[in-house]
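[1] predicted coordinates and the sequence they were generated for:
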Amino acid sequence: MSDAHIEPLLNITDLTVTVEDRVLCRSLSVKMSMGESWSILGPNGSGKTTLLETIAGLRPAQSGKICIEGDTVSSLSPRQLALQRSMLFQKTADAFPATVMETVLSGRHPHIPYWQTETETDYGIAREALDKVDMANFEGRDINSLSGGERQRVSIASSLTQDTPVRLFDEPTNHLDLKHQNSIMELISNIHQHLNLLVLQDINQAWRYCNHALLLYSDGSVETGRAEDMLTIEKLEPLYDCKLKIIWDGIDRVYVHS
């Protein structure tokens, strides 16, 4: 949890995101700090991925400003931006053959000086990341020989090796079995030297692993705040246009369709 006196790591001011003539996100202003994990929730087609890509600097906004540590994202070179934020994409295409280790090491490229190559330190960081995602014995495997879940864990390991202050994840548990859904979400949320933004489909994951939430409605309106204030029946039912209920077992809450 962040304190009021901590300077925001990511400062978004009056951000409007559009696709053709449709407004996906209208006048978003929010400050996010190190140690926070933000879930981005909304119905299918509401623009969650497009918003995340805009925050990452991968597509222009209609209006507004996005700053990381005081620098406007649009003013940073690709290399500078790669040192400030990493992004896990929802879909990954492997156009060329590569080993798992080569793929994970790509996360270190922004840190390597021009005309230099990976050091033993870079390899150590990559091996540690592979171990954390339960892929330690896959270093030499062809990336195209992996299952969907294994490939997703390699992508997450590559994102971890990039070691940026701001980390963006588009559906990080996509393709993962229950065991790895839990372990990956624990891994992401327990590293406090970063700011995490996660597009999620599961309200229960948002409640368990994120301390803040951004709700993106189909009409482009946005609400932001602490998880306990955002993840209420009163806010979530209009968000998803369905009836929900909370089951409380005395220790934790579970969101289910009513």
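    The structure has been received and is ready for your questions.
[2] residue 212 against residue 36, yeah?
    Yes: counting by C-beta atoms under 8 Å, residue 212 touches residue 36, with 5.4 Å between them. Any C-beta I mention is one placed from the backbone N, CA and C, and that applies to glycine too.
[3] for the stretch 51-200 of the chain, what spans make up the helices?
    Per DSSP state H, counting those that start in this stretch, the stretch 51-200 of the chain carries helices over the ranges 78-84, 100-105, 120-132, 148-162, 178-189.
[4] what residues does the fourth one touch?
    In this structure, residues lying in contact with helix 148-162 by C-beta atoms under 8 Å, 6 or more residues apart in numbering are 82, 86-89, 92, 94, 100, 103-108, 110, 122, 125-126, 129-130, 132-135, 138, 143, 146, 167, 169, 172, 174-177, 180, 184, 187-188.
[5] what do you get for stretch 84-93?
    Identification of contacts with stretch 84-93 by C-beta under 8 Å, 6+ apart yields 49, 52-53, 56-58, 68-69, 71, 76, 107, 151-152, 155-156, 159, 162, 164-172, 174, 199.
[6] that one spans what distance, first to last residue?
    Stretch 84-93 has an end-to-end distance of 23 Å (criterion: C-alpha to C-alpha, to the nearest Å).
[7] then stretch 90-98?
    20 Å.
[8] what about it, distance to the chain center?
    Averaging C-alpha positions (C-alpha atoms, centre = their mean, to the nearest Å) puts stretch 90-98 19 Å from its chain's average.
[9] give me the mean pLDDT for that stretch.
    Taken as a whole, stretch 90-98 has an average pLDDT of 84.
[10] mind putting the helices of the stretch 51-200 of the chain into TSV with mean neighbour count?
    Compiled in TSV, the helices of the stretch 51-200 of the chain are given as follows (neighbours: other C-beta atoms under 10 Å):
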stretch	mean neighbour count
helix 78-84	15
helix 100-105	22
helix 120-132	17
helix 148-162	22
helix 178-189	16
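[11] how many neighbours does residue 134 have?
    When neighbours are counted by other C-beta atoms under 10 Å, residue 134 registers 16.
[12] right, I mislabeled it, should have said residue 201
    14.
[13] also residue 14?
    By other C-beta under 10 Å, the residues close to residue 14 number 12.
[14] how would you label it: helix, strand or coil?
    Using DSSP: H, G, I helix; E, B strand; the rest coil, the structure places residue 14 in strand.
[15] what's near enough to touch it?
    For residue 14, the contacting residues are 27-29, 63-65, by C-beta under 8 Å, 6+ apart.
[16] where do the strands of the stretch 101-250 of the chain begin and end?
    Under the criterion DSSP state E, counting those that start in this stretch, strands of the stretch 101-250 of the chain are mapped to 166-170, 195-199, 212-216, 222-226, 244-248.
[17] note down every partner strand of the first one and its orientation.
    In this case it means strand 166-170. Next to strand 166-170 in the sheet, as set by DSSP bridges, lie strand 85-88 (parallel), strand 195-199 (parallel).
[18] want to throw those into CSV with distance to residue 217 and mean neighbour count?
    Listed next are the strands paired with strand 166-170 as CSV, based on distance: least, C-beta to C-beta, whole Å; neighbours: other C-beta atoms under 10 Å:
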stretch, distance to residue 217, mean neighbour count
strand 85-88, 23, 23
strand 195-199, 15, 25
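[19] three-state assignment of residue 27?
    Residue 27 is classified as strand under three-state DSSP.
[20] what's the separation between it and residue 201?
    Distance of residue 27 to residue 201, computed by C-beta to C-beta, to the nearest Å: 25 Å.
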